[in-house]
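Visitor: let's see this in three dimensions:
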Amino acid sequence: MCVIERSPVIETRRLALRAPDMSDAPRIASLGADYAIPKMTTRMPWPYGQADAEEFVARVQAQDWSRNATFVIDLEDAGVVGVLGFFPNEDGRLEVGYWIGRPFWGRGLATEALQGALSWAAHDWRRKLVVAGHFADNPASGQVLVKAGFLYTGVVTEKDSVSRGASVPTRMMVWLA
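Guide: From the prediction side, this is the model:
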């Protein structure tokens, strides 16, 4: 396994994926304050505010980059537009999750970020299998995953959503390097 000593920067055509710093917290809080964002994630609380964003940044800054890799998605000339992270799931498999702020939907940014991150994970981090899921009521996220090369497994599981305070049917997918 590859050991990452410091946080990498992943560059794509329009984006830079990098570790967040505290100066990103206000933007993360602003984007996350739109319920449409936390509602489609497992981990974000609702309401989502500045303290939540600061806690998120602090947690990422302390993460073990050999097991977790969390990035802000920085759009040229626009700044932070979302977040993407790899983490071990409850089965010990590497899972990816992401979100893009509503003002930036429909521009292909999630797909571009995910493709760049998967390329990095395969080549630099030496990961060969990544899983992901999307809430059944979020087919747009499923389309992003398909465009990035994920395949449906046929498994639908219940995943807890902190912001919804409920379990949500989640369609599971897999990506192989």
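Visitor: centre of the chain to the strand or helix carrying residue 84, how far?
Guide: For residue 84, the element it lies in under DSSP states H and E is strand 79-88. Relative to the chain's own centre, strand 79-88 is displaced by 4 Å; criterion: C-alpha atoms, centre = their mean, to the nearest Å.
Visitor: what are the pairing partners of it, and which direction each?
Guide: strand 69-75 (antiparallel), strand 94-100 (antiparallel) (DSSP bridges).
Visitor: can you pull out the helices in this structure?
Guide: 25-32, 50-61, 109-123, 139-147 (DSSP state H).
Visitor: what count of nearby residues applies to the spatially closest residue to residue 167 that is not a sequence neighbour?
Guide: Of all residues not flanking residue 167 in the chain, residue 158 sits nearest, at 4.0 Å (C-beta to C-beta, 6 or more residues apart in numbering). Where you see a C-beta, it was placed from the backbone N, CA and C, and this is true even at glycine. Close neighbours of residue 158, defined as other C-beta atoms under 10 Å, add up to 10.
Visitor: on that earlier part again, could I get the helices of the chain in a markdown table, plus columns for mean pLDDT and distance to residue 10?
Guide: Below are these laid out as a markdown table (pLDDT from 0 to 100; distance: least, C-beta to C-beta, whole Å):
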| stretch | mean pLDDT | distance to residue 10 |
| --- | --- | --- |
| helix 25-32 | 98 | 18 |
| helix 50-61 | 97 | 15 |
| helix 109-123 | 98 | 5 |
| helix 139-147 | 97 | 17 |
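Visitor: among these, which is nearest residue 84?
Guide: helix 109-123 (5.3 Å; C-beta to C-beta).
Visitor: by contact count, what packs against that closest one?
Guide: Judged by 3 or more C-beta pairs under 8 Å, 6 or more residues apart in numbering; DSSP states H and E, helix 109-123 is in contact with strand 10-11, strand 15-18, strand 69-75, strand 79-88, strand 94-100, helix 139-147.
Visitor: which of the ones you listed sits most buried?
Guide: strand 69-75 (a mean of 24; mean count of other C-beta atoms under 10 Å).
Visitor: next one: that one to chain centre, how far?
Guide: Put simply, strand 69-75 sits 8 Å off its chain's centre (C-alpha atoms, centre = their mean).
Visitor: ok, now stretch 76-84?
Guide: Using C-alpha atoms, centre = their mean, the offset of stretch 76-84 from its chain centre is 12 Å.
Visitor: and for the closest residue to residue 147 other than its chain neighbours, the neighbour number?
Guide: Spatial nearest neighbour of residue 147, excluding adjacent residues (C-beta to C-beta, 6+ apart): residue 111 at 4.6 Å. A total of 18 residues lie near residue 111 under the criterion other C-beta under 10 Å.
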